[in-house]
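*Asks:* here is a sequence together with a model predicted from it:
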Amino acid sequence: IGVLVGALSGYYGGVTDSLLMRFTEAMFTIPQLFLLLVMAKFLAGKVPTIEVLGREMSGSVIVIIVIIGLTSWMYLARIVRADFLSLKEREFVLAADTIGTKNRGIIFRHILPNTMAPIIVAATLGVAGAILSEAYI
């Protein structure tokens, strides 16, 4: 979620950037721990147990994983947006635009591969944060 929101916001700018970043900031205001506790309590019995790679996962674990995933993308969106704002001004983007590459191609074939290093670092740190969040519950 964070990569897509950050990419669209950084590339298109203007009103799109303002709307997506205000949505991201609104999502920052939702307290993750409180939401985890409340949703795990209310949805634990309603989500069925599923089997993943030969191991059973209870409904409460699934709820925790989904809530952590839905509430931890905002940092990545900000990082990707900052990289896109920087990279969209480079010559290779101008060259791709000049030869008629569509916006989608410029975003996914030219700019996004150049932002993979910060994405990998942020995702790695995000996994550690998700493990700590789950362990706290």
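*Replies:* Perfect, I can see it now.
*Asks:* and the helices in this protein?
*Replies:* 2-12, 14-28, 32-43, 59-71, 74-87, 91-98, 103-105, 116-136 (DSSP state H).
*Asks:* need the residues that contact the shortest one.
*Replies:* Surrounding helix 103-105, the residues in contact under the criterion Cβ atoms under 8 Å, 6 or more residues apart in numbering are 11, 12, 96. The C-beta positions use only the backbone N, C-alpha and C, and glycine is treated the same way.
*Asks:* which among these end up buried?
*Replies:* 11, 96 (16 or more other Cβ atoms under 10 Å).
*Asks:* what residue of this protein is the furthest out?
*Replies:* When each C-alpha in the chain is compared with the mean C-alpha position (Cα atoms, centre = their mean), residue 99 comes out farthest, at 30.8 Å.
*Asks:* so how far is residue 66 from that residue?
*Replies:* Using Cβ to Cβ, to the nearest Å, we find residue 99 at a distance of 42 Å from residue 66.
*Asks:* then residue 33?
*Replies:* Distance from residue 33 to residue 66, by Cβ to Cβ: 15 Å.
*Asks:* cool, and residue 136?
*Replies:* Taking Cβ to Cβ, one finds residue 136 at 17 Å from residue 66.
*Asks:* before we move on, what about residue 19?
*Replies:* 25 Å.
*Asks:* what stretches of this structure score poorly on pLDDT?
*Replies:* 44 (pLDDT under 70).
*Asks:* centre of the chain versus stretch 57-68, how much separation?
*Replies:* Its chain's C-alpha centre and that of stretch 57-68 lie 18 Å apart, by Cα atoms, centre = their mean, to the nearest Å.
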